[in-house]
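J.: Show me the folded form of this:
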Amino acid sequence: MELKLDFYKINNLNLQTTYLKTPLGTAKITGDKNGIQSICLLDEGQVSDDLMQLSTPFCLQECVVQLEEYFKGKRDSFNLTVNPKGTVFQIKVWKTLLKIKYGKTKSYLEQSKALGDVKAIRAVATANGKNPLWIVIPCHRVIGSDGSLTGYAGGLWRKEWLLNHENPVKQQSLF
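T.: Numbering: from 1, shown residues only. Predicted structure coming up:
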């Protein structure tokens, strides 16, 4: 996946939007020819049925397809051009998130160490919380050092759902 470090020269008239119903709520996807800018969850009632009926702009179709595959359990990584809006530090933090494999987790401390500064743990956690690309940049895979589910902008119940989706408990057969 490509993360561009360009600082936005985006004309908002070119920004396209589509919506996708997911098991965790309605996702709003925005982007343009330069890539996907954001994927966020909306609160119930924030999107009308009329908006859900609109066709998906061409530049966002592949993102919709890949997210649908992810939720069906048919995709464990994304191959999209993304163009998130963030500071140089935030983008550096988000790039470390891309290295956390599907079904795996890392702690905020491990993520800070990977960035070369264990003292930056709070700044790293804050940058994770500002991640504009829900699921595609997998901040849900970062947990507390003690294994606890901590800090997730979408709500801890969603973080737990995503981690269970990516690493379901397999019941072993006794026979």
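J.: residue ranges for the strands of this protein, please.
T.: Along the chain, counting by DSSP state E, strands occupy 2-3, 16-22, 25-32, 35-42, 81-82, 106-107, 142-143.
J.: Output the ones you listed in JSON lines; the columns should cover mean pLDDT, mean neighbour count and distance to residue 167.
T.: In short, each C-beta sits where N, CA and C put it, glycine included. Converted to JSON lines, the strands of the chain look like this (pLDDT from 0 to 100; neighbours: other C-beta atoms under 10 Å; distance: least, C-beta to C-beta, whole Å):
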{"stretch": "strand 2-3", "mean pLDDT": "46", "mean neighbour count": "14", "distance to residue 167": "25"}
{"stretch": "strand 16-22", "mean pLDDT": "94", "mean neighbour count": "17", "distance to residue 167": "18"}
{"stretch": "strand 25-32", "mean pLDDT": "94", "mean neighbour count": "20", "distance to residue 167": "21"}
{"stretch": "strand 35-42", "mean pLDDT": "94", "mean neighbour count": "19", "distance to residue 167": "21"}
{"stretch": "strand 81-82", "mean pLDDT": "94", "mean neighbour count": "20", "distance to residue 167": "24"}
{"stretch": "strand 106-107", "mean pLDDT": "96", "mean neighbour count": "18", "distance to residue 167": "13"}
{"stretch": "strand 142-143", "mean pLDDT": "96", "mean neighbour count": "22", "distance to residue 167": "12"}
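J.: ranges for the helices of the chain?
T.: Using DSSP state H, the helices of the chain run over 49-52, 58-71, 88-97, 108-114, 121-129, 156-166.
J.: re the thing from before, looking at the strands of the chain, spot the one closest to residue 61.
T.: Of all the strands of the chain, strand 16-22 sits nearest to residue 61, with 8.3 Å by C-beta to C-beta.
J.: so where is the protein shaky, pLDDT-wise?
T.: Within the chain, the segments meeting pLDDT under 70 span 1-13, 45, 47-54, 169-175.
J.: and residue 111, how far is that from residue 73?
T.: As judged by C-beta to C-beta, to the nearest Å, residue 111 and residue 73 stand 26 Å apart.
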